[in-house]
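Trainee: please find the sequence and the predicted model below.
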Amino acid sequence: MNLPAIPNIPVPTIEQIGFGIMAMIVIGSALAVVTLRNIFHSALFLALAFLGIAGIYLFLAADFIAVAQVLIYVGAIMILLMFALMLTHRVMTSSLRQTIGQWRWAAAVSVWVLVILVRLVVLHPWGMDKLPSKAPTTAIIGTELLTKYLLPFELASIVLLVAMVGAIVLAKEDKPDDPA
């Protein structure tokens, strides 16, 4: 009795499975951001989407960008957004109703953009034969910043220092002289 031949079905690797899970987390949390009515919950799902994007960067061997994503977007911007939401009393009450009057137009434009993006992704020759290297990128970036790009790096740090000192001077309150 001859058994039929089993076709060669490619087995996904653990990296591909992890990438797919991260992509589903990002897509699901992004959908939750735009569909939830509570703005605070939307902000929490936005933080989850940012973390998922950092995970995708890790799977793409871009460790420096992944860490920058976590530090800047999740660590700084999301904390600032959360404080702004919590300090705005009207936003945190249930009396504020969020409605979108033209959601049908927005949905139509979104579907149109999605179709264009899917066509671009499918039709573009991505060159998947060149996989990213698994070497850490932080050493390469550090070497380039402190050798080839040292002058622009130092100029940027001086500009940031001057901006910080200027912000401190502008924020400083003038105290009246006490004749005590």
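Mentor: Received it, and whenever you're ready, just let me know what you need.
Trainee: for residue 2, see how far away residue 104 is.
Mentor: Here the distance between residue 104 and residue 2 works out to 58 Å (Cβ to Cβ, to the nearest Å). For every residue, glycine as well, the C-beta is placed using N, CA and C.
Trainee: okay, the two: which has more neighbours?
Mentor: Legend: neighbour count by other Cβ atoms under 10 Å for residue 104 and residue 2, higher for residue 104 (9 against 4).
Trainee: assign residue 170 to helix, strand or coil.
Mentor: For residue 170, the secondary-structure state derived from DSSP: H, G, I helix; E, B strand; the rest coil is helix.
Trainee: show me where pLDDT drops low in this protein?
Mentor: Residues of the chain meeting the criterion pLDDT under 70: 1, 3, 5-6, 89-100, 127-133, 173-180.
Trainee: touching, residue 49 and residue 30? I think so.
Mentor: Yes: under the criterion of Cβ atoms under 8 Å, residue 49 makes contact with residue 30 at 5.0 Å.
Trainee: ok, those two, which is more surrounded?
Mentor: The residue with more neighbours, out of residue 49 and residue 30 and counting by other Cβ under 10 Å, is residue 49; that gives 21 against 16.
Trainee: how much space between the more buried one and residue 142?
Mentor: Between residue 49 and residue 142 the distance, using Cβ to Cβ, works out to 29 Å.
Trainee: likewise for residue 80?
Mentor: As defined by Cβ to Cβ, residue 80 lies at a distance of 28 Å from residue 142.
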